[in-house]
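> Need coordinates for the following:
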Amino acid sequence: MGPFLRFDGVGIDEFYTAFAASSDGQPGSLYLADVATGQLLPIADVNTPIPGSNLTFNVSDSPLIDEGRIAFRGYRLESFVPVAGGVYVYDIPTAQITPIIELFDPLPGGDILGEIQFPSISGDTVGFAGRPGDEFGPSTLFAVVDGQVYRIIGEGDTLDGHFVQTLIYRPEGHNGRQFAFAIQSQGSAYGAIYVATLHLPCPADFNSDTLITSADISAFLSAWFLDLASGTLAADFNASGVTGSSDITAFLSAWFAALAGGC
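Below is the predicted model:
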């Protein structure tokens with residue numbers, strides 16, 4: 001490792017510093033420095049397998065640390081073209097890398113992910129600016145929670161009556177499920193900063209009326225009995241692959257938690 005000739009982003013907290021660097025001036029690898037011991041470890045480099053692939057990373061950058069986890073962008077480039085890669089989270093205590101979303105994965109609306117910029121992490125939510133289709137697609141802000149991808153705002157949208165010509169997002173604007181971003185329209189004639197809050201659907205709102213009431217219990221039980229009769233899985237609340245009594249227990253636990261404000 002080192003001497004480093006190029007740096008491509010840094011993420012810090014009180015215990016660690018994560019940074020992207022290379023020793024040849026080209027896009028490089030991701031490293032983790034322990035502030036207390038000074039120990040320096042490569043965490044995503046040419047020897048690191050991309051999860052679920054027989055390829056390794058040869059470009060990793062844009063780290064951001066939150067609660068012992070590092071969100072970063074990692075690619076495998078062949079002839080300067082990414083053939084694999086995406087947004088990943090490195091868990092510092094276990095040294096495990098988990099894919100969050102990868103190139104060519106489906107996006108809300110039916111497009112595929114063509115390019116990734118500015119990954120961020122806060123709590124259970126990972127955010128990033130991506131381009132649907134390919135690197136020429138409209139820059140769009142996405143969030144990922146528990147494997148589910150949510151679209152927040154993108155170029156080509158209309159916000160408060162203004163056409164979003166340019167979307168600007170940086171990881172520092174991500175806090176929990178809130179995302180700060182800027183837009184420009186009409187060239188540079190109009191610009192504004194907004195904060196978007198991601199509101200997830202509540203699983204206990206089984207009838208999707210935005211309320212937590214006994215009607216959700218009735219809707220769930222109707223689906224549960226239908227599952228038993230027809231073999232469907234609409235009421236497989238605990239995602240076990242089978243509808244059974246444990247789903248009733250799981251649903252009622254979620255329903256009472258939601259009734260107490262846990263949704």
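> Which helix or strand contains residue 210?
Per DSSP states H and E: residue 210 is located in neither a helix nor a strand.
> how close does it sit to residue 263?
Using CB to CB, to the nearest Å, residue 210 is found at 10 Å from residue 263. In short, each C-beta sits where N, CA and C put it, glycine included.
> which of the two has more neighbours?
residue 263 (16 against 8; other CB atoms under 10 Å).
> Pretty sure the more buried one sits against residue 202.
Yes: here residue 263 reaches residue 202: they are 3.6 Å apart, a contact under CB atoms under 8 Å.
> Now the common contact residues for the two.
Overlap of the contact sets of residue 263 and residue 202 (by CB atoms under 8 Å, 6 or more residues apart in numbering) consists of residue 212.
> Residue 66 versus residue 72, what's the distance?
Residue 72 sits at a distance of 12 Å from residue 66 (criterion: CB to CB).
> Of those two, which one has the most company?
Between residue 72 and residue 66, counted using other CB under 10 Å, the more crowded position is residue 72 (27 against 19).
> tell me the secondary structure for that one?
strand (DSSP: H, G, I helix; E, B strand; the rest coil).
> tell me the contacts of it?
18, 20, 30, 44, 60-64, 87-90, 119.
> Kindly recompute the last result at 10 Å.
9, 11, 18, 20, 30, 43-44, 57, 60-65, 86-90, 97, 100, 119, 121 (CB atoms under 10 Å, 6 or more residues apart in numbering).
> Can you select the buried ones from those residues in ChimeraX?
With 16 or more other CB atoms under 10 Å as the burial test, the buried ones among the contacts of residue 72 are selected in ChimeraX as follows:
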select :9,11,18,20,30,43,44,57,60,61,62,63,64,65,86,87,88,89,90,97,100,119,121
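> Sort out for me which of the contacts of residue 72 are in strands.
In strands, judged by DSSP state E, the following of the contacts of residue 72 are found: 9, 11, 18, 20, 30, 43-44, 60-65, 86-90, 97, 100, 119, 121.
> before we move on, back to that, anything in contact with each of residue 72 and residue 66?
11, 89, 121.
> Residues touching the longest helix anywhere in the chain, excluding its own?
The longest helix of the chain (DSSP state H) is helix 214-230. Under the criterion CB under 10 Å, 6+ apart, residues 202-209, 213, 232-237, 242-245, 247-248, 251-252, 254-255, 258-259 lie in contact with helix 214-230.
> Okay, angle between the helix or strand bottoming out on mean pLDDT in the chain and strand 59-66 too, please.
Every helix and strand in the chain was compared by mean pLDDT, DSSP states H and E; the lowest is strand 6-12, with a mean of 88. Strand 6-12 and strand 59-66 are oriented at 20 degrees to each other (axes from the mean of the first three to the mean of the last three CA atoms, to 10 degrees).
> list the helices and strands strand 6-12 packs on?
On a contact count with 3 or more CB pairs under 10 Å, 6 or more residues apart in numbering; DSSP states H and E, strand 6-12 meets strand 16-22, strand 29-34, strand 59-66, strand 69-78, strand 113-122.
> where does the protein have low pLDDT?
1-2, 25-26, 188 (pLDDT under 70).
> Okay, domains of it per the record?
As recorded under automatic domain parsing, the domains making up the chain are 6-197, 214-259.
> Please identify the deepest-packed of the ones you listed.
domain 6-197 (a mean of 17; mean count of other CB atoms under 10 Å).
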